[in-house]
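Asker: only geometry, no sequence info:
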């Protein structure tokens, strides 16, 4: 057993206890105050300097041997979700209506274990490390806070990971190039002119206009996007009208666009705007369109993906690496960092067939993980540091 394996094994109870603490005390996006204090407490015990960004975000820095001046940023998200934990285990959420249903508690605990081991082995690796405990991933704000604080400016590479209830524990998943989609949402407010349904020519029907917009939006993917690509334009909300005999004077549409490339993302969003404006104009109505840019497409750097696949194959065995996992139309704001710096985002299997809760989907009220995945996640963080230092 290597020194690294020994240290991780000796701290297996530590990382599980940490993960359970965070699981019992979840906090919503942007409100991770106690979570941040706990992270700082652990970093203080390790003798690792740290500072805040964005209110509840934390950055800690480590230096290995100085034979490399490369700096890698390791990121763990720390926020939970506004939903009720329905598990009955001893570490279920103690906060009503909030739970870690996506595994961010596992990411936080694993990065803290990686920090502890890296600190204890500073003479065994090269380069510099930024440990980022990022808030507000679930609402797509945390990575931009990090960027706006200029914390990515002097970084050479970035790395992050996510536990995955769709992969068996012991497996690691990755994909070179586009791996996850962009995620933008849009609000469209249609304004017409009210009147009696018996004299529609004296009115401007906002409901009819909104329905026409929704119908036309469905043509974007089928007629504007290369059929080889995957993309989504979805509408989840259409609200209008007050009575059966009144022409609606306003309507509200809310939807989302998702794409795997920056160019397709731009095409989708521009098309939504053009269709809404032109359809409204054709019907004599007006529209106001607001886009909320949540996440860019998550695109792994091919060279970094290759390096990490090789490192994981050597460390864990080729049979544990799935190097071409399916693309996902889900999103992660780590994509914003990958848009600025080369790096890779990997998935860590956390499903155990003996515990059904570890196989439910993310954002499910019974969500749980196989806690043996914590040590593997920590080791992945450390492997990324070693790969960066060898450049």
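Answerer: Here it is on my side, so go on. These numbers were taken from a predicted model, which means no experiment stands behind them.

Asker: look up phi and psi at residue 382.
Answerer: Phi and psi for residue 382, reported as degrees, to the nearest 10, are phi -70, psi -40.

Asker: tell me, how many residues neighbour it?
Answerer: The tally of other residues near residue 382 (other C-beta atoms under 10 Å) stands at 23. Every residue, glycine included, has its C-beta placed from N, CA and C.

Asker: ok, and the closest non-adjacent residue to it?
Answerer: What sits nearest to residue 382 in space, not counting adjacent residues and going by C-beta to C-beta, 6 or more residues apart in numbering, is residue 114, at 5.3 Å.

Asker: tell me the contacts of that neighbour?
Answerer: Residues in contact with residue 114, defined by C-beta atoms under 8 Å, 6 or more residues apart in numbering, are 74, 131, 378, 379, 381, 382, 385.

Asker: pick the one among these closest to residue 241.
Answerer: Nearest to residue 241 among the contacts of residue 114 is residue 74, at 51.3 Å by C-beta to C-beta.

Asker: that closest one is in what secondary structure piece?
Answerer: strand 71-77 (DSSP states H and E).

Asker: and after that strand, which helix or strand comes next?
Answerer: Defined by DSSP H and E, the subsequent element after strand 71-77 is helix 104-120.

Asker: so which residues of this structure form helices?
Answerer: 3-10, 12-24, 33-46, 104-120, 142-148, 206-217, 219-224, 262-282, 302-316, 335-338, 373-389 (DSSP state H).

Asker: in JSON lines, list these along with distance to residue 351 and mean pLDDT.
Answerer: Listed next are those as JSON lines, based on distance: least, C-beta to C-beta, whole Å; pLDDT from 0 to 100:
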{"stretch": "helix 3-10", "distance to residue 351": "21", "mean pLDDT": "94"}
{"stretch": "helix 12-24", "distance to residue 351": "16", "mean pLDDT": "98"}
{"stretch": "helix 33-46", "distance to residue 351": "25", "mean pLDDT": "98"}
{"stretch": "helix 104-120", "distance to residue 351": "13", "mean pLDDT": "98"}
{"stretch": "helix 142-148", "distance to residue 351": "26", "mean pLDDT": "96"}
{"stretch": "helix 206-217", "distance to residue 351": "36", "mean pLDDT": "98"}
{"stretch": "helix 219-224", "distance to residue 351": "32", "mean pLDDT": "97"}
{"stretch": "helix 262-282", "distance to residue 351": "31", "mean pLDDT": "97"}
{"stretch": "helix 302-316", "distance to residue 351": "17", "mean pLDDT": "97"}
{"stretch": "helix 335-338", "distance to residue 351": "24", "mean pLDDT": "97"}
{"stretch": "helix 373-389", "distance to residue 351": "9", "mean pLDDT": "96"}
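
Asker: tell me which of those lies nearest to residue 347.
Answerer: helix 373-389 (10.0 Å).

Asker: what separates that closest one from the chain centre, distance-wise?
Answerer: 19 Å (C-alpha atoms, centre = their mean, to the nearest Å).

Asker: report the angle between that helix and strand 71-77.
Answerer: Computed with axes from the mean of the first three to the mean of the last three C-alpha atoms, to 10 degrees, the direction of helix 373-389 lies at 160 degrees from that of strand 71-77.
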